[in-house]
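> Kindly return the folded structure for what I paste below:
(one chain, ligands or ions: 1)
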Amino acid sequence: MNKELTPEEQELLEAARTVRGNAHCPESGYAVGAALRDDAGRVHVGVNVENASYGLTVCAERNAVGAMAASGGRRILQVAVVTRDGGSPCGACRQVLMEFAPDDPSGLVILCHAADSGKTERHTMADLLPHAFRLHR
Ligand code: THU
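Model prediction:
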């Protein structure tokens, strides 16, 4: 990674690592934990929740966004995702995260951590979803 993790980023990563233990992934065995920090400094978490009717599965990132929205949060500054291999958010989750990004989406940092290797990659929302669809400009 290009730059050391800040204490805030480390805390967020720890929250994602911890909540990952609650992933409901009987179909794939691929556990995902997500934690995000809103602009009030609050941390919200989510895990992937799979279903025997596969298409009903919801990713960890979108469940974390749901938790934030339910508690009134509307702006995300940091996201941490923990998987076994450091996989980054899927396309659908990128679009959903973008909805709550700052006006300049490079202000939203996304950390992807691989539990197996211990490696972390830092991205920005702007890097992960260039030319995003926006209805309201
Ligand atoms: N998954 C996530 O939770 N987030 C992503 O961004 C990609 C995939 C979940 C969905 C499914 O439960 C499992 O990982 C394997 O695709």
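
> Please identify the helix or strand for A80.
A80 belongs to strand 76-83 when assigned by DSSP states H and E.

> quick one: contacts of stretch 96-103?
For stretch 96-103, contacts defined as Cβ atoms under 8 Å, 6 or more residues apart in numbering pick out 39, 61-62, 65, 68, 73-77, 79, 89, 105, 107-108, 110, 125, 129, 132, 134. Glycine gets a C-beta too; all of them are placed from N, C-alpha and C.

> again, 7 Å this time
For stretch 96-103, contacts defined as Cβ atoms under 7 Å, 6 or more residues apart in numbering pick out 61-62, 65, 74-76, 79, 89, 105, 108, 125, 129, 132.

> same question, stretch 110-129
1-3, 5, 9, 13, 79-89, 94-95, 97-98, 101, 105-106, 108-109.

> where's that stretch relative to the chain centroid, distance-wise?
Mean C-alpha position of stretch 110-129 versus that of the full chain (Cα atoms, centre = their mean, to the nearest Å) differs by 9 Å.

> repeat for stretch 96-106
With Cα atoms, centre = their mean, you get 12 Å for stretch 96-106.

> Likewise for stretch 128-136?
17 Å.

> and the end-to-end length of it?
20 Å (Cα to Cα, to the nearest Å).

> mind listing the strands for the protein?
Assigned by DSSP state E, the strands in the chain fall at 33-38, 43-47, 76-83, 109-114, 120-124.

> Now mean pLDDT, distance to S53 and mean neighbour count too, for these, in TSV please.
TSV is the format used below for the strands of the chain (pLDDT from 0 to 100; distance: least, Cβ to Cβ, whole Å; neighbours: other Cβ atoms under 10 Å):
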stretch	mean pLDDT	distance to S53	mean neighbour count
strand 33-38	98	22	26
strand 43-47	99	18	23
strand 76-83	99	23	25
strand 109-114	98	28	21
strand 120-124	98	32	16
